[in-house]
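# Got a predicted model here, sequence first, then my questions.
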Amino acid sequence: MGSFMADFLQQCGGCSVIDGGFATELERHGADLNDPLWSATCLISSPHLIRRVHLDYLDAGANIICTASYQATIQGFEAKGFSTAESEDLVRRSVEIALEARDIYLQRCTKDSWDFLGSGGSWGRPILIAASIGSYGAYLADGSEYNGNYGDSVTLETLKDFHRRRVQVLANAGADLLAFETIPNKLEAQAYTELLDEEGIQIPAWFAFNSKDGINVVSGDSLSDCASIADASKQVVAVGINCTPPRYIHGLILSIQKVTCKPILVYPNSGETYDGETKQWLKSDGMIEEDFVSYVRKWKEAGASLFGGCCRTTPNTIRGIAKALSLNTV
Ligand code: MET
Ligand SMILES: [Zn+2]
């Protein structure tokens, strides 16, 4: 795993572009995600829309696309009446759709190379498929991915048992890496590193934590402790932050850097906050997309090398980031 990310970043010219908000982009296209499976409900009802959103992000310049599996759990599909085998197929399908999108995109680039060269000449850029894994809190769908409060009855073993089969299925489905996202506490980070090891997972992983105060991860656990757990795992090839307001990112990068030399990734949300009761996103700090993109320079200076967006960011955000990085204006 040692040089996986270094090699990839080198092929990308030093920095790489991650995609933007996936679930919220499905919603913008009209998908109804008011369901315990959230975006994963589209694996059942509208795989074409999933493929479309992946393609939109590739067209916008992303080097890494994250699959629709964030909230796709075997337990969640079983609760809807699917058999275990069908549930595992649906989880696997999330990777297959992303692989299809990459194939379609690359074929189109070969055929329409004129358009492609016209759009910035990024022909042949490397593209990775990251199999998304949301936290146990995301499966509970009760907001606990934003407070990391699982209660005393949830132990390291509970979390390992919960995640084990999905991690195996996703790791064997053809993805290039596993993206553990929105990790709310130390216990879950520890469970992931142990699982990667115990299951002999053959592909690398990244760990992305979330914060709501700009200092600690959302549970209140220390970010340094969390990032150190990631640093200690040979399988982990990048560590960072996702789904966190842009204004906190700079400081968080600096604290991650104190405990790891691994590449740092950041893919913040739009800066709006989600109101679980009204199920609406509220503008909180007047962040507009141009501001977000202009922050990339600061984040790069602070030491991050993979940049993208999370909830409520769009292909436009990603186009802005890709352009800024390719023009070396950041
Ligand atoms: C709540 S964070 C969601 C992350 C996931 N990759 C998505 O964009 O849908
Ligand atoms: Zn998000």
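All right, it came through fine. Since this is a predicted model, take the numbers as computed values, not measurements. Ligands and ions are numbered 1, 2, ... in the order given.
# ok, the residue in the stretch 151-300 of the chain that ligand 2 sits nearest to - contacts?
In the stretch 151-300 of the chain, the residue that lies nearest ligand 2 is Cys243 (3.2 Å; Cβ to the ion). (C-beta placed from N, C-alpha, C; glycine too.) Counting by Cβ atoms under 8 Å, 6 or more residues apart in numbering, Cys243 makes contact with Glu181, Thr182, Ala208, Asn210, Tyr267, Pro268, Asn269, Cys310, Cys311.
# Apply 10 Å and report the result again.
Contacts for Cys243 (Cβ atoms under 10 Å, 6 or more residues apart in numbering) come out as 21, 145-146, 181-182, 208-212, 218, 267-270, 274, 309-312.
# So what sits opposite Gln280 in the bridge?
Asp275 (DSSP bridges).
# shouldn't Asn210 be in contact with Glu188?
No: look at Asn210 against Glu188 with Cβ atoms under 10 Å: they stay out of range, at 11.4 Å.
# Those residues of the protein touching ligand 2, which are they?
Cys243, Cys310, Cys311 (Cβ under 5 Å from the ion).
# restrict these to contacts with ligand 1.
Cys243, Cys310, Cys311 (Cβ under 6 Å from any ligand atom).
# Show me which residues of the longest helix along the chain are buried.
Taking DSSP state H as the criterion, the chain has its longest helix at helix 84-111. Within helix 84-111, the residues scored as buried using 16 or more other Cβ atoms under 10 Å are 87-88, 90-99, 101-102, 105, 109.
# Just name the closest of those to Ala131, please.
Ala131 lies nearest to Val95 out of those, by Cβ to Cβ, at 5.6 Å.
# ok, and the closest non-adjacent residue to the closest one?
Nearest-residue entry for Val95: Ala173, 3.8 Å, with adjacent residues in sequence omitted and distances by Cβ to Cβ, 6 or more residues apart in numbering.
# Just give me the neighbour total for that neighbour.
21 (other Cβ atoms under 10 Å).
# wait, it sits on Arg92?
Yes: between Ala173 and Arg92 there is a contact at 4.5 Å, judged by Cβ under 10 Å.
# where do the helices sit along the protein?
Under DSSP H, the chain gives helices at 4-11, 23-28, 41-45, 47-59, 74-79, 84-111, 113-118, 136-140, 156-171, 186-198, 223-231, 246-257, 289-302, 315-326.
# Pick out the residue in the stretch 1-150 of the chain sitting closest to ligand 2.
Taking Cβ to the ion, the stretch 1-150 of the chain has Gly21 as its residue nearest ligand 2, at 6.1 Å.
# if we can go back for a sec, if I look at Ala173 and Arg92, which residues touch both of them?
The contact lists of Ala173 and Arg92 share Ser69, Ala131, where a contact means Cβ under 10 Å, 6+ apart.
# hang on, the earlier thing: sort out for me which of the contacts of Cys243 are in strands.
Within the contacts of Cys243, residues falling in strands by DSSP state E are Glu181, Thr182, Ala208, Phe209, Tyr267, Tyr274.
# residue contacts, Asp221?
Applying Cβ under 10 Å, 6+ apart, the residues contacting Asp221 are Gly148, Ile183, Pro184, Asn185, Lys186, Leu187, Glu188, Ala189, Phe209, Ile229.
# One more pass at 7 Å, please.
The contact partners of Asp221, taken as Cβ atoms under 7 Å, 6 or more residues apart in numbering, are Asn185, Lys186.
# And Lys283, by the same measure?
Lys283 makes contact with Glu272, according to Cβ under 7 Å, 6+ apart.
# Repeat that for Ala173.
Arg92, Val95, Glu96, Ala131.
# In CSV: the residues you listed, plus distance to Ile44 and pLDDT.
What follows is these, written out as CSV (distance: Cβ to Cβ, whole Å; pLDDT from 0 to 100):
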residue, distance to Ile44, pLDDT
Arg92, 14, 98
Val95, 16, 98
Glu96, 14, 98
Ala131, 18, 98
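# could I get these as JSON lines with distance to ligand 1?
Listed next are these as JSON lines, based on distance: Cβ to the nearest ligand atom, whole Å:
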{"residue": "Arg92", "distance to ligand 1": "17"}
{"residue": "Val95", "distance to ligand 1": "14"}
{"residue": "Glu96", "distance to ligand 1": "17"}
{"residue": "Ala131", "distance to ligand 1": "10"}
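# Please identify which pair of these lies farthest apart.
Once Cβ to Cβ is applied, the contacts of Ala173 give Glu96 and Ala131 as the farthest pair, at 10.9 Å.
# List just the nearest of the ones next to ligand 1 among the residues of the chain next to ligand 2 to Ser3.
So of these, ranked by how close each gets to Ser3 (Cβ to Cβ), first place is Cys310, at 27.3 Å.
# quick one, phi psi at that closest one?
phi -120, psi -150 (degrees, to the nearest 10).
# ok, it to Ile183 distance?
To Ile183, Cys310 is 13 Å away according to Cβ to Cβ, to the nearest Å.
# now swap in Trp38 and tell me
From Trp38 to Ile183 the distance is 17 Å (Cβ to Cβ).
# which one of the two has more residues nearby?
Neighbour count, other Cβ under 10 Å: between Trp38 and Ile183, Ile183 has more, with 31 against 22.
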